[in-house]
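Asker: Here is the input, now give the coordinates:
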Amino acid sequence: MKSDNKIIIVEPSPIVSAGLASYFDDTKQVSIVSQLDRIDRMEEKLAAYNPDILIINPLLIAYDSNEHFLKICRDFSNVIPVALVNSYIDSNILKQFKDVIEINDSKQKVVSKIFNLLSDNKLSQDKPESVELSNRETDVLIALVKGLTNKEISDKLFISVHTVITHRKNIIRKTGIKSVSGLTVYALLNNLVDESEIYEN
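Answerer: Predicted coordinates for the structure are as follows:
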C-alpha cells in the first residue's frame, strides 16, 4: 500500500523524535519524511517535501520568532501544524496548532489524532455526495484496505473483477476519497476495520 501522507517532525531531543517516529513504523498510511532538531531548516524541508502534517515542539517557536512561524504557516497553509508538548506552553502559542500531542500520549492516541486530522482535512477538500455505502461496497472497501487486489477481492466475494471496479468507483464517488490511504483512514474512523488488520499486511 502506497504511503501518501507525509510528516515532518521538528524536535530538539533525538530520543523523543525517534520515539515519536517509531509510532508510525507499522502504519503504511503515513511516512516520516524528515526529522529536524532546529527550526532554521524547517522552511526548506517544507518546500522540499510538501508534507501533510508538521509536528513541532512549540518551545522552538518560543525561542525563535513567533512571527516567523506564523509567516511559515501562512506560506504553507496546506500543512497541518501539530504541537508536541513536553512542558508548559503558553495557551496563545498552542492556539496556532490544529491539535496537541502530549509527551505521555499512548501510541494509539497519537496515531488516532494524526488519522483524525488527515481525515478531517481530506473531507474538507472533497465534498462527498453521500457516505452511505451499500453492504457490498463496504465488503469491497474492507478487502481493499486490507491490501487485497481487484482479482483477490473478486475471488473472495465471488463477484467479477468488473463488478469490483464498479464498486470501487462508487466508493470513491460516495466518500470523495480517491487514495487507498485515505480510504483506510475512513474505514478506521468508521470502525469497519481494526488497526491490527491493516498494519499486519
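Asker: So what does N116 look like in phi/psi?
Answerer: With angles defined as degrees, to the nearest 10, N116 sits at phi -60, psi -40.
Asker: Hmm, V140 and I171 touching each other?
Answerer: Yes - using Cβ atoms under 8 Å, I171 is in contact with V140, at 6.7 Å. Placement of C-beta: from N, CA and C, glycine included.
Asker: Between those two, tell me which one has more neighbours.
Answerer: When neighbours are counted by other Cβ atoms under 10 Å, V140 comes out ahead of the other of I171 and V140, with 27 against 21.
Asker: Next one: that one from P58, what distance?
Answerer: Separation of V140 from P58 (Cβ to Cβ, to the nearest Å) stands at 43 Å.
Asker: show me where this structure has strands.
Answerer: For the chain, applying DSSP state E gives strands covering 5-10, 30-36, 53-56, 80-85, 99-102.
Asker: how about JSON lines for those, with mean neighbour count and mean pLDDT added?
Answerer: Conversion of the strands of the chain to JSON lines gives the following (neighbours: other Cβ atoms under 10 Å; pLDDT from 0 to 100):
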{"stretch": "strand 5-10", "mean neighbour count": "22", "mean pLDDT": "95"}
{"stretch": "strand 30-36", "mean neighbour count": "19", "mean pLDDT": "94"}
{"stretch": "strand 53-56", "mean neighbour count": "24", "mean pLDDT": "96"}
{"stretch": "strand 80-85", "mean neighbour count": "21", "mean pLDDT": "96"}
{"stretch": "strand 99-102", "mean neighbour count": "16", "mean pLDDT": "96"}
